[in-house]
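**Student:** Need a 3D model of the following:
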Amino acid sequence: MDYGPRPEDVRFLLNVVLDAPARLQALAPFAEVDEALQSQVLEEAARFVGEVVAPINREGDEVGCRFDKGQVISPPGFREAYQAFIDGGWPALSAATEDGGQGLPSVLEAVLYEWLSAANHGLTMAPGLLHGAYACLKHHGSEELRSRYLQKIATGEWLATMCLTEAHAGSDLGQVRTRAVPQADGSLRVSGSKIFISGGEHDLTPNIVHLVLCRLPDAPAGPKGLSLVLVPKLLPDGARNAVHCERIEEKMGLHGSPTCSMRFDDATGWLVGEAGRGLAAMFVMMNSARLHVALQGIGLLDAAWQKADAYAAERRQMRAPGAAPASRGNEAADLIAEHPAIRRILDTQRAWIDGARTLAYRSALMLDVAAHDADPKARERAQRWCSLVTPVLKAACTHQAFHGASECLQVFGGHGYVREWGIEQVVRDARVTMIYEGTNEIQAIDLLVRKVLPDGGAAMSAVLLELRDTLDASREADADVQRRLAQLRYLGTTIAMSAHADPVLPYEVADDYLRVVMLTMMAWAWARIEATAGGASTERVRAAAAFRRWVLPEFEMRLGIVKRACEGLALSHAAAEGVAR
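**Tutor:** Sure thing, here's the model as predicted:
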C-alpha cells in the first residue's frame, strides 16, 4: 500500500492542542493566514503527496538512480513529479513573497516535508535542503548572490546541496582540506573533494547550487578557519563549471536519491558571509536541516505504522487472548490486530508519532515566533526552545523511525522480510537518518556539552519551567509531568556538578540525558493531547495508554543510569581521597 497523509490528525494537533491559528495570526506576516487557509493548504498538500509522490516510491527504490559518465539519471517518474512539485509552488511555501515564495508559516512547510518523506523519502531528498540553502543565502549572501540565486532556490527551479564531508574527515569538519583561492575579480577558485553529497548531480533541475565548506589561503587550522563558498554547476554565462560527480554510492536504502562523490577542480565560486565564518553561515542551513530530519523520522515511522496497522486489520492468525467471541463470526482465527503483542507494537508507535509530532510542530511554530514576534523576549524564548529542542528531536525521532519501523516489520512476520509489502524499504531508508546531519551521538553531545552545561543548565531550566506553566497541577497527568520536569532540572544540575570532577562524564551520559529530555517532553505533549477536546478518540486513548505503559517507564531507567554514573564518580573520588589520607 502507498502512504496516505491524514490531514485530520495534523489539524487536531495544530488547531486544538497547539492553538496554531491564533498564535500565527498574532504575527504580522501571517495575520491573514487563518484556520481555513491553513486547512486548505494541508488538504492540497495531502492530495499532491498521495496522488503524485507516493505512487512512484517503490519503483524509485527498485530501479534507483543510475550513473553514466558523470551524469545521474533519476528513477522513472521522478523528473515529472519534481516538475509538478515546482508547478504547484510547494518548494516556495514558506519563502518570502519578495523572493518568489508564498510567505506561509514554517509549520505548514514542516507538515509538507513530513508527508513527503513518508511517501517517498528518496525523491524528497532532492528538495530537502532548499529551505536551509534559502535561509543561509538570505541571511549571509551578498546582494549580488541573492539577486542571482535566491529566487531560483526559493522556487525550486534550481536545487542546492550542502558540501561538508570529506573522506578523511567524516564528521570532524576541522579536518576539511578543500581550498579556495581568491581571484582578482572577487571570485574564488575551489579545489578539493567531498563525499556523501545528497543530490550532488541529477537531472531534476538544469543547475545545482553547491554550498561548499573550504579554506582560504593562510586560514588557521580547525573549524575556525573554514569559509563557505557558493559554487554553481552552471556559471552565470551558462558555461559548465569545473564541478564533477565521480560516482554515486551503492547504499543500504534511499536508492531514489543519488549520494555523490564530488570533485572541484579550480571551480569558480563566491564567498557567502565572512571569511573564516563558514560554519556560522552554514549553521542556519544545518539547524533547519536537523528539524527536517526529525520530521523525516516522524514521517517514516508513520509510513511504517500505516502499513502495519492495515496489515493487522486484515491478517488472521490463531485465537487472540481475551478477544470477544462475537467478533470472530465464522472465522477460524482472529485478526492479529486483536492480539495483545501486536496491539502493543501498533499503539506504541502511534504514541511516538503523535507525541513527537506535537513537539516538532511546536518547534516549527517557534521558528516563526523567533523570526517575526514583535516582543524581543518572545523571540528570545522561541530561539532558546529551537536551539535546545532541535538536537533532541533529530536524535530521538530518527532513532524511533528505524527501531519503530523494525517493530512494525515484526507485525508482518515473514511477509515483512520480503519486498512485496514494502515495509522492509522503510526500515532500510530510515537507518541513514540516524547518521546524516550529525549523528545522533553528536546531537546528544551538542545538547548536553555545548548547550546545557555552559550556563549550568539555566537555559534548559527556563524551557522546562515554560512547559510546567502550561500544565494544571490539579490534573493527575499534569502533576506527574510537572514532577518529571523538576527531576530533569535537577538532573542537569547534578551532571554539571559532576562534570567539574570528571569532564569526560558528560560525553558518556549524553545519549541517556537526551532520552530523558525527550521522554519528559513527550509526557508533556501527551498531557496536552489528553486534556483537549478530541483527545479521547479511541486511537488516541490506546496510544496514550501505550505511552504510559510501554514508553514512559524508560524515563526512570535513563534517569537512573545518569544518576548512578554521577554517584559512582562521587564514590570513586571519595575513595581516592580516603587513600590519599
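
**Student:** isn't His415 right up against Gly422?
**Tutor:** No: using C-beta atoms under 8 Å, His415 makes no contact with Gly422, being 10.7 Å away. No exception for glycine: its C-beta is placed from N, CA and C like everyone else's.

**Student:** quick one: which of those two has more around it?
**Tutor:** Comparing His415 with Gly422 by other C-beta atoms under 10 Å, the one with more neighbours is Gly422, at 18 against 14.

**Student:** Val212: what's it in contact with?
**Tutor:** Contacts for Val212 (C-beta atoms under 8 Å, 6 or more residues apart in numbering) come out as 163, 178, 180, 190, 194, 228-231, 264, 269.

**Student:** likewise Val243?
**Tutor:** Contact partners of Val243, counting by C-beta under 8 Å, 6+ apart, are 210, 231-233, 262-264, 267.

**Student:** And it, what's its pLDDT?
**Tutor:** At Val243, the pLDDT value in this model is 98.

**Student:** which other residues reach stretch 374-388?
**Tutor:** By C-beta under 8 Å, 6+ apart, the list of residues contacting stretch 374-388 from outside reads 28, 287, 291, 362-363, 366-367, 369-371, 373, 447, 451-452, 459-460, 462-463, 466.

**Student:** Buried members of the residues you listed into ChimeraX, please.
**Tutor:** Buried residues within those, by 16 or more other C-beta atoms under 10 Å, are selected in ChimeraX with:
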select :287,291,362,363,366,367,369,370,373,447,451,452,459,460,462,463
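
**Student:** Select from the contacts of stretch 374-388 every entry located in helices.
**Tutor:** Using DSSP state H, 287, 291, 362-363, 366-367, 369-371, 459-460, 462-463, 466 are the members of these that sit in helices.

**Student:** Show me which pair in those is furthest apart.
**Tutor:** With distances taken as C-beta to C-beta, the most widely separated pair in the ones in helices among the contacts of stretch 374-388 is Ala371 and Met460, at 22.3 Å.

**Student:** Can you show me the helices along the stretch 101-250 of the chain?
**Tutor:** Per DSSP state H, counting those that start in this stretch, the stretch 101-250 of the chain carries helices over the ranges 106-119, 121-124, 130-140, 143-145, 151-154.

**Student:** Between those helices, which one is closest to Gln83.
**Tutor:** helix 121-124 (11.8 Å).

**Student:** okay, the closest one in CSV with CA atoms only?
**Tutor:** Provided in CSV are the C-alpha atoms of helix 121-124 (Å, rounded to 0.1, in the frame of the first residue of the first chain):
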residue,chain,number,x,y,z
HIS,A,121,12.0,9.6,1.1
GLY,A,122,14.2,9.2,-2.0
LEU,A,123,12.5,11.9,-4.0
THR,A,124,12.1,14.2,-1.0
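
**Student:** Which neighbouring elements make contact with that helix?
**Tutor:** Using 3 or more C-beta pairs under 8 Å, 6 or more residues apart in numbering; DSSP states H and E as the contact test, the elements touching helix 121-124 are helix 57-63, helix 78-87, helix 106-119, helix 278-312, helix 423-431.

**Student:** Tabulate the ones you listed (CSV), appending distance to Ala46.
**Tutor:** Below are these laid out as CSV (distance: least, C-beta to C-beta, whole Å):
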stretch, distance to Ala46
helix 57-63, 16
helix 78-87, 14
helix 106-119, 7
helix 278-312, 13
helix 423-431, 19
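
**Student:** what's the closest of the ones you listed to Ala405?
**Tutor:** Nearest to Ala405, of all the helices and strands packed on helix 121-124, is helix 278-312, at 3.8 Å by C-beta to C-beta.

**Student:** Buried residues in the closest one, which are they?
**Tutor:** 278-279, 281-282, 284-309, 311-312.

**Student:** so how many other residues sit close to the residue nearest to Asp511 when sequence neighbours are not counted?
**Tutor:** For Asp511, ignoring the flanking residues on the chain, the nearest one in space by C-beta to C-beta, 6 or more residues apart in numbering is Ala444 at 4.6 Å. Neighbours of Ala444 under the rule other C-beta under 10 Å: 26.

**Student:** Quick check: the gap between Ala444 and Val516.
**Tutor:** Look at Ala444 and Val516: by C-beta to C-beta, to the nearest Å, they are 11 Å apart.

**Student:** tell me the strands in the stretch 101-250 of the chain, going along the chain?
**Tutor:** Secondary structure of the stretch 101-250 of the chain, counting by DSSP state E, counting those that start in this stretch: strands at 159-163, 179-182, 188-198, 208-215, 226-232, 243-248.

**Student:** and these as TSV, adding distance to Ala36?
**Tutor:** Output for those, formatted as TSV (distance: least, C-beta to C-beta, whole Å):
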stretch	distance to Ala36
strand 159-163	32
strand 179-182	49
strand 188-198	36
strand 208-215	36
strand 226-232	39
strand 243-248	44
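
**Student:** Out of those strands, the one nearest Glu114 is which?
**Tutor:** strand 188-198 (17.9 Å).

**Student:** Can you point out the buried residues in that closest one?
**Tutor:** Result for strand 188-198 [16+ other C-beta under 10 Å]: buried residues 188-198.

**Student:** what's the farthest-apart pair in the contacts of Val243?
**Tutor:** The span of the contacts of Val243, defined through C-beta to C-beta, is set by Pro232 and Arg263 at 15.4 Å.

**Student:** Quick one, grab the pLDDT at the closest residue to Arg362 other than its chain neighbours.
**Tutor:** Excluding its sequence neighbours, the residue lying closest to Arg362 (C-beta to C-beta, 6+ apart) is Leu18, at 5.9 Å. Leu18 is assigned a predicted lDDT (pLDDT) of 97.
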